[in-house]
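S.K.: Next input, structure requested:
(2 chains)
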Amino acid sequence: MSSKYITTTIPYVNADPHIGFALEILQADLLARHYRLMGHDVFFNTGVDEHGQKILQKAEEKGEDVQKYVDHYAAEFKKLKEALNLSNDAFVRTTDKNHIEAAQEIWKRCVAKGDIYKKKYKGLYCVGDEAFLKEKDLVDGKCPNHPTMDPIEIEEENYFFRLSNYQGVLLEYLENEKSITPDWRRKEAIDFVQNGLEDFSISREKKRLSWGVPVPGDSEQVMYVWFDALTNYISTLGWPDGEKFKKYWEKGETLQIAGKDQIRFQSIIWQAMLMSADIKTTDSIFYHGFINSGGQKMSKSIGNVISPYELVEKYGTEATRYLLLRHVHPVDDSDITWEKLDEWYTAHLVNGIGNLTARITKLAETHLESPIDRPEAIGFPKEYTDAIESFKFNEAFDYVWSLVGALDKRITDEEPFKVVKTDLEKGRVLITEYMQELYAIGRLLYSILPETNKIIKKTVLENKKPENLFGRI
RNA sequence: CGCGGGAUGGAGGAGUGGUACCUCGGGAGGCUCAUAACCUCCAGACACCGGUUCGAAUCCGGUUCCCGCAACCA
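M.R.: Below you'll find the predicted structure:
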């Protein structure tokens, strides 16, 4: 049995769970469930990124202890597991002891490789943003976000990572078509690397930012968040030790899911870090698109934010999975509004699979004397598995729903409800066949709608019409 | 002229040389087993201009318009 590692990125906990992350984790969950079903030994990771200046700042704004603040948010993100019925095997927190140790270990290995060095960095610093500004970003010599403040010149000594060493090998890595999906993003990445890579600062002075992983051997510096955060993908497996790391990362096939804005971090910086530490690079990374609402980016000030919890509250867990996985485009940006969500919910869930199930199971309950035999397990159609494995989640749904439509049509054409009145036996044969087909459709829902899968199988095998699968709203 | 992606019926998607497809929505009919569900039929589109070709949504050139990226944003 081959092993497979699947991970999401880990969201930064300075805000409540965003619908875009819900999309990401659902995609990962679908893949994890699918590959388990196909007989792979899967390890599915997710977690939270808890270090950094913005988090410290937020906690201070609220007058909370930072650790308390991140504990609170970690719990908020953990709740997604139940809300979305996720099957993740791990939930890593970057404040976990073993994670911190792993981050320090990878740092040491990069140092040993000669890829980390100390350099004075001088730049214009905006106190409002608490970040360095670039000359070309300045508007009339001021920070574009804080035009009333004068940027101040700050000199700081930081550690830098020799990303520039990795241009050649990164290009080789990116030549592999599996390294990035969709392919045009891979080309973007190649283009980016070809234009030349600059070394990055990977630490901050502790006196300016204390909330981070201490740099090994230098008490004055802490790691800049992303260096520590990226390590989560292997710290969660117990790296540098651990059977899990060997099994799932080294010997297994690794797959990361991330948002389209993550290419530089996931496919370039993280891969260079792995190369530097002599660790296997990620086999493939899938980048999803963003979700907008009403033609605009979701934002609190516009008031168009749709949260994952709101979706679950209105439509339920199964329907939320359905809506995000089928109606949000896997790689392009999509737009959702409550109107569209209602439409999709009613058209395919209520009127589609829900009604079909009620239709058939009512006929069966009324006319069959006993439950049908459990249908033999058959292989999954290639069209369906290919769609999922090539990240075309929406097409996998289209396939299942084409079967729903075909079965509805068949019932209308064959009129079993009339047949039973004139030839009961013949009618029973038809109804039995519908039950078998319904069961087959239910089986296909295993990875995408796990609860619906269970209910349909159960109802068919017990010959008992269930409560409505999806109620009207 | 920085790099790249894209413009398909009212909406969202598929379609890389051979009568333009799917879902939703709209209109008309049918059916009555079902959650006023389901089935059938109808209307409606390849941004614009030119070229290649027997034939182009699909290839080439140009125009207009959108959208990413352009490195510490974690």
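
S.K.: Mind telling me what element the residue in the stretch 151-300 of chain A positioned nearest to RNA strand B is part of?
M.R.: Nearest to RNA strand B in the stretch 151-300 of chain A, going by CB to the nearest atom of the strand, is residue A:226, at a distance of 2.8 Å. Every residue, glycine included, has its C-beta placed from N, CA and C. When elements are assigned from DSSP states H and E, residue A:226 belongs to helix A:225-230.

S.K.: Residues contacting that helix, please?
M.R.: A:10, A:49, A:51-53, A:94, A:99-100, A:103, A:107, A:161, A:202-203, A:212-213, A:265-266, A:269-270, A:273 (CB atoms under 8 Å, 6 or more residues apart in numbering).

S.K.: Can I have the buried ones of the residues you listed as a PyMOL selection?
M.R.: Here is the PyMOL selection string for the buried members of these, based on 16 or more other CB atoms under 10 Å:
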select buried, chain A and resi 10+49+51+52+53+94+99+100+103+107+161+202+203+212+213+266+269+270+273
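
S.K.: chain center to the helix holding residue A:226, what's the gap?
M.R.: Centre-to-centre, helix A:225-230 and its host chain are 18 Å apart (CA atoms, centre = their mean, to the nearest Å).

S.K.: What's the mean pLDDT across it?
M.R.: Helix A:225-230 shows an average pLDDT of 91 in the prediction.

S.K.: Give the full set of residues in contact with the closest residue to residue A:56 other than its chain neighbours.
M.R.: Distances taken as CB to CB, 6 or more residues apart in numbering place residue A:211 nearest to residue A:56, at 4.2 Å, with adjacent residues excluded. By CB under 8 Å, 6+ apart, the residues touching residue A:211 are A:51-53, A:55-56, A:66, A:222.

S.K.: at 6 Å instead, please
M.R.: A:51, A:56, A:66 (CB atoms under 6 Å, 6 or more residues apart in numbering).

S.K.: what's the answer for residue A:105, then?
M.R.: The contact partners of residue A:105, taken as CB under 6 Å, 6+ apart, are residue A:240.

S.K.: Kindly give the local confidence score, pLDDT, for it.
M.R.: pLDDT, residue A:105: 97.

S.K.: One more: residue A:57?
M.R.: Among the per-residue scores, residue A:57 holds a pLDDT of 84.

S.K.: Could you do residue A:68 as well?
M.R.: pLDDT, residue A:68: 93.

S.K.: distance of it from RNA strand B?
M.R.: Separation of residue A:68 from RNA strand B (CB to the nearest atom of the strand, to the nearest Å) stands at 20 Å.

S.K.: number of nearby residues for the residue in chain A positioned nearest to RNA strand B?
M.R.: The minimum distance from chain A to RNA strand B, using CB to the nearest atom of the strand, falls at residue A:354 (2.2 Å). Neighbours of residue A:354 under the rule other CB atoms under 10 Å: 22.

S.K.: With residue A:207 instead?
M.R.: Neighbours of residue A:207 under the rule other CB under 10 Å: 9.

S.K.: out of the contacts of helix A:225-230, which touch RNA strand B?
M.R.: Filtering these for neighbours of RNA strand B using CB under 7 Å from any atom of the strand leaves A:10, A:49, A:52-53, A:265.

S.K.: so who does the residue of chain A closest to RNA strand B touch?
M.R.: Counted by CB under 6 Å, 6+ apart, residue A:354 has contacts A:469-470.

S.K.: how about a cut-off of 7 Å?
M.R.: Neighbouring residues of residue A:354 by CB atoms under 7 Å, 6 or more residues apart in numbering: A:468-470.

S.K.: try residue A:202
M.R.: Counted by CB under 7 Å, 6+ apart, residue A:202 has contacts A:159-161, A:223-224, A:227.

S.K.: ok, now with 8 Å
M.R.: A:116, A:158-161, A:223-224, A:226-227.

S.K.: what secondary structure does residue A:63 sit in?
M.R.: coil (DSSP: H, G, I helix; E, B strand; the rest coil).

S.K.: Now it. Its backbone dihedrals?
M.R.: Here is the backbone geometry of residue A:63 (degrees, to the nearest 10): phi 70, psi 30.

S.K.: List the buried residues for stretch A:249-264?
M.R.: By neighbour count on 16+ other CB under 10 Å, the buried set for stretch A:249-264 is A:249, A:252-260, A:262-264.

S.K.: for stretch A:10-21, same thing?
M.R.: A:10-14, A:17-21.

S.K.: on that earlier part again, name the element the residue nearest to residue A:56 belongs to?
M.R.: Using DSSP H and E, residue A:211 falls within no helix or strand.

S.K.: Relative to residue A:312, how far out is residue A:26?
M.R.: To residue A:312, residue A:26 is 11 Å away according to CB to CB, to the nearest Å.

S.K.: Equivalent analysis for residue A:70, please.
M.R.: Noted for residue A:70: a distance of 24 Å to residue A:312, by CB to CB.

S.K.: I am finished for the moment; much appreciated.
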